[in-house]
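1. sequence unknown, structure follows:
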Ligand SMILES: N[C@@H](Cc1ccc(O)cc1)C(=O)O
């Protein structure tokens with residue numbers, strides 16, 4: 001695919017500590033890149049200072065929130081020094097109530113990367129050993145089993161992150177070499193000693209936004225690719241419909257200079273080889289789902305920079321509570337576990353993406369219907385002669401697209417507005433950012449299905465147009481010809497009805513792996 005990204009997602013080693021990560025590096029770790037924690041003596045000392053400061057506060061004052069007290073609303077309960085060391089274990093255990101689907105290995109690795117990034121900032125009062133252990137798990141391919149439900153996204157992703165904390169102490173389950181197994185068994189086999197969490201470490205691991213931030217990094221990467229693909233699909237729909245390329249003219253777009261919208265128009269224009277400006281337009285105007293495609297896809301394109309900024313700032317922040325300044329010796333209580341920024345990005349992104357599903361659904365409606373498709377067969381059926389009577393082409397695929405689109409649109413309800421007061425009214429306003437992120441992943445999946453169906457349909461449409469002598473392969477731009485040939489390698493012209501599930505699934509997989517060549 002086009003790498004419009006800032007650094008190659010294929011990076012094989014990602015460094016943590018005293019540098020900012022970009023979201024592509026989280027994606028790279030998710031896909032199997034190794035992690036490397038900074039090892040310099042200075043950095044280790046910087047991290048250890050925070051942990052030592054907690055120790056000295058405990059020795060000198062005997063009270064530190066979340067260390068010698070209960071958690072959240074229970075902070076008024078004092079925990080005696082004899083029980084303090086058990087407290088982190090209780091935190092991970094009482095949060096072991098996650099429900100729902102298990103995060104994929106990719107998603108869970110992204111979560112680990114985000115937590116490591118946040119703790120590596122050095123404002124959480126944890127030991128260097130803890131950071132090192134997360135690095136080790138990533139590099140050995142030991143991934144916690146994390147159920148995705150149960151976070152309100154504002155006391156941090158406490159419940160899902162408790163599964164990371166539990167694995168560090170040798171409890172619950174991991175995925176190792178593709179198998180779901182007891183953590184303790186895998187540790188025994190690999191001779192790994194479970195960690196004993198230091199007083200603040202349970203809280204530092206769990207009291208943050210790593211789950212929603214991880215999903216946001218993965219979502220961003222897919223959204224960016226989808227935007228490029230939706231532009232290609234629009235060009236192919238225009239060719240299928242014998243559309244009017246003047247709609248993407250650069251003089252036209254210079255008059256409305258949103259940069260992202262202009263980028264989408266430029267991609268479509270280049271795909272359609274539109275370089276000459278009309279003196280007057282004698283052509284009819286295409287329907288909005290073609291004519292306004294840059295205005296629809298462009299919304300997401302223009303939003304991507306602020307989304308990246310929100311996601312990467314969160315990724316490189318200390319997002320737990322309390323914040324421990326080991327150098328200046330301060331413990332600062334706040335609410336950095338509140339995932340409002342990620343919640344907003346995810347709620348916005350799912351809306352913009354579902355609009356792209358809707359756009360492509362409308363394009364599909366145009367190409368299927370002989371009332372609108374400028375002389376192509378109904379449902380783009382490639383059947384000939386008497387065979388036409390029993391063949392239904394893309395009819396069911398279009399119905400599927402309508403269903404996926406409806407489900408995507410239904411999932412756009414903003415999660416952040418469903419804040420509810422919880423935990424004895426301590427957490428009386430919460431972000432629901434993790435629910436927003438999960439919605440966004442679902443909307444992406446559905447929209448990628450819509451895009452896969454459209455890739456097949458537009459390929460069929462162009463082939464039919466060529467067969468009717470109204471277009472020739474040689475007149476296509478190299479970019480469109482390449483996509484057409486790539487799709488055609490998996491998908492022959494549909495002349496007789498046949499189940500398309502397998503090829504649809506293959507196409508979705510390729511979209512998710514960014515395999516379609518959509519660059520010029
Ligand atoms: N997020 C809370 C701490 C907390 C931890 C676990 C809980 O179950 C509840 C609250 C805070 O820092 O204020």
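-> Nice, thanks for sending it over. Everything quoted here is computed from the prediction, not taken from an experiment. Numbering: from 1, shown residues only.
2. The stretch 101-250 of the chain: helices as residue ranges?
-> Applying DSSP state H, counting those that start in this stretch to the stretch 101-250 of the chain gives helices spanning 105-119, 128-140, 158-168, 183-190, 201-206, 210-240, 250-254.
3. In the fifth one, which residues are buried?
-> Taking 16 or more other Cβ atoms under 10 Å as the basis for neighbour counts, the residues of helix 201-206 that come out buried are 201, 202, 203, 204, 205, 206. All C-beta atoms are positioned from the backbone trio N, CA, C, and that covers glycine.
4. Now pLDDT and distance to residue 478 too, for the residues you listed, in a markdown table please.
-> Formatted as a markdown table, the buried residues of helix 201-206 follow (pLDDT from 0 to 100; distance: Cβ to Cβ, whole Å):
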| residue | pLDDT | distance to residue 478 |
| --- | --- | --- |
| 201 | 96 | 55 |
| 202 | 96 | 56 |
| 203 | 95 | 56 |
| 204 | 97 | 52 |
| 205 | 98 | 50 |
| 206 | 98 | 51 |
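5. Mind picking the two most distant members of the residues you listed?
-> Across these, no pair lies farther apart than 201 and 206, at 9.5 Å, counting by Cβ to Cβ.
6. Packing partners of whichever strand or helix holds residue 88?
-> Assigning secondary structure by DSSP states H and E places residue 88 in helix 87-94. Here helix 87-94 touches helix 158-168, helix 201-206, going by 3 or more Cβ pairs under 8 Å, 6 or more residues apart in numbering; DSSP states H and E.
7. ok now that helix, how far from the chain's centre?
-> The chain centroid and the centroid of helix 87-94 are separated by 30 Å, computed with Cα atoms, centre = their mean, to the nearest Å.
8. what are the ranges of the strands in this structure?
-> 13-16, 34-37, 99-102, 142-144, 147-149, 173-176, 179-182, 323-325, 330-332 (DSSP state E).
9. Between the ones you listed, which one is closest to the ligand.
-> The ligand lies closest, by Cβ to the nearest ligand atom, to one member of the strands of the chain: strand 323-325, at 10.3 Å.
10. Do the closest one and the ligand come into contact?
-> No. Strand 323-325 does not reach the ligand (Cβ under 6 Å from any ligand atom); its nearest approach is 10.3 Å.
11. thinking again about what came up before, out of the helices of the stretch 101-250 of the chain, the one nearest the ligand is which?
-> When the helices of the stretch 101-250 of the chain are ranked by proximity to the ligand (Cβ to the nearest ligand atom), helix 158-168 comes first, at 5.2 Å.
12. For that closest one, which outside residues touch it?
-> For helix 158-168, contacts defined as Cβ atoms under 8 Å, 6 or more residues apart in numbering pick out 88, 91-93, 95-98, 103, 111-112, 115, 130, 133-134, 137, 142, 144-148, 150-151, 172-174, 183, 194-195, 197, 201-202, 205-208, 210-211, 434.
13. Would you check which of these are in contact with the ligand?
-> residue 207.
14. Report the buried members of the contacts of helix 158-168.
-> Buried among the contacts of helix 158-168 by 16+ other Cβ under 10 Å: 88, 91-93, 95, 98, 103, 111-112, 115, 130, 133-134, 137, 142, 144-148, 150-151, 172-174, 183, 195, 197, 201-202, 205-208, 210-211, 434.
15. Identify the residues contacting residue 244.
-> By Cβ under 8 Å, 6+ apart, the residues touching residue 244 are 238, 281, 283, 284, 285, 286, 291.
16. Could you check how far it is from the ligand?
-> Residue 244 is 56 Å from the ligand, where distance means Cβ to the nearest ligand atom, to the nearest Å.
17. and what of residue 473?
-> Here the distance between residue 473 and the ligand works out to 61 Å (Cβ to the nearest ligand atom).
18. near the ligand, which residues of the stretch 251-400 of the chain?
-> Neighbours of the ligand within the stretch 251-400 of the chain, by Cβ under 6 Å from any ligand atom: 321, 337.
19. Where does the prediction get shaky in the stretch 251-400 of the chain?
-> 282-283 (pLDDT under 70).
20. Burial check on residue 61, number of neighbours?
-> 10 (other Cβ atoms under 10 Å).
21. Can you check the pLDDT for it?
-> Per-residue confidence (pLDDT) for residue 61: 86.
22. who's in contact with residue 91?
-> By Cβ under 8 Å, 6+ apart, the contact list for residue 91 reads 71, 162, 165, 202, 203, 206.
23. OK, contacts around the closest residue to the fourth one other than its chain neighbours?
-> It refers to residue 202. Closest residue in space to residue 202, ignoring its immediate chain neighbours: residue 88 at 2.9 Å, by Cβ to Cβ, 6 or more residues apart in numbering. By Cβ under 8 Å, 6+ apart, the contact set of residue 88 is 165, 197, 198, 199, 200, 201, 202, 203.
24. For residue 357, give me its contacts.
-> Per Cβ under 8 Å, 6+ apart, neighbours of residue 357: 404, 405, 408, 409, 443, 446, 447, 450.
25. go with 10 Å
-> 226, 230, 401, 404-409, 412, 443-444, 446-451, 454 (Cβ atoms under 10 Å, 6 or more residues apart in numbering).
26. try residue 288
-> Contacts of residue 288 by Cβ under 10 Å, 6+ apart are 295, 296, 359, 362.
27. same check, this time on residue 154
-> 209, 335, 337-340, 343, 416, 419, 422-423, 427-434.
28. One more pass at 8 Å, please.
-> 335, 337, 338, 339, 340, 419, 427, 429, 430, 431, 432, 433.
29. Where neighbours are concerned, which of those residues has the most?
-> residue 339 (34 neighbours).
30. if you skip the residues just before and after it, what's nearest to it?
-> residue 433 (3.3 Å).
31. OK, contacts around the closest residue to residue 508 other than its chain neighbours?
-> In space, and not counting its chain neighbours, residue 508 is closest to residue 452: 4.6 Å by Cβ to Cβ, 6+ apart. Residue 452 makes contacts with 504, 507, 508, 511, as judged by Cβ under 8 Å, 6+ apart.
32. how many other residues sit next to the closest residue to the ligand within the stretch 151-300 of the chain?
-> Residue of the stretch 151-300 of the chain nearest the ligand, by Cβ to the nearest ligand atom: residue 155 (3.4 Å). Counted with other Cβ under 10 Å, the neighbours of residue 155 add up to 25.
33. again, but for the one 10 residues further on
-> Applying other Cβ under 10 Å, we find 29 other residues in the vicinity of residue 165.
34. cool, and the one 3 residues further on?
-> A count of neighbours around residue 168, defined by other Cβ under 10 Å, yields 23.
35. Alright, calling it a day.
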